[in-house]
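K.L.:
Model the following, please.
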Amino acid sequence: MVTDYSLGDIITLKKKHPCGEVIWRVDRIGADIGIVCQGCNRKLIIARSDLEKRTRSHKKV
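P.N.:
A predicted model of the protein is given here:
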């Protein structure tokens with residue numbers, strides 16, 4: 001199943017970021033998805049397939 005991501009969507013990942021946050025915001029769409037940590041504003045680009053495996057929940061905005 002392919003998840004449909006939109007800019008600004010909120011994603012909760014299974015593992016915590018080193019800053020302690022698990023909530024991320026979608027910043028870039030394409031074959032790779034850009035996400036931004038809501039705790040420290042660190043940007044991360046991750047393959048769509050890897051993001052789908054690591055996602056616990058996804059909220060559309």
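K.L.:
For this structure, which segments are assigned as helices?
P.N.:
Under the criterion DSSP state H, the chain carries helices at the ranges 48-54.
K.L.:
what are the ranges of the strands in it?
P.N.:
10-13, 23-28, 32-37, 43-47, 55-59 (DSSP state E).
K.L.:
Nearest to residue 4, out of the ones you listed?
P.N.:
Nearest to residue 4, of all the strands of the chain, is strand 55-59, at 9.3 Å by CB to CB. Quick note: C-beta positions are derived from backbone N, CA and C, even for glycine.
K.L.:
still on that earlier bit, of all the strands of the chain, which one is nearest residue 3?
P.N.:
strand 55-59 (6.2 Å).
K.L.:
Quickly run through the sheet partners of the closest one, with directions.
P.N.:
Sheet pairing of strand 55-59 (DSSP bridges) gives strand 10-13 (antiparallel).
K.L.:
Send over the strand it pairs with as PDB, restricted to the C-alpha atoms.
P.N.:
What follows is strand 10-13 as a C-alpha-only set of coordinates in PDB (Å, rounded to 0.1, in the frame of the first residue of the first chain):
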ATOM      1  CA  ILE A  10       2.200  15.300  10.500                       C
ATOM      2  CA  ILE A  11       4.000  11.900  10.800                       C
ATOM      3  CA  THR A  12       4.700  10.000  14.000                       C
ATOM      4  CA  LEU A  13       7.700   7.700  13.700                       C
END
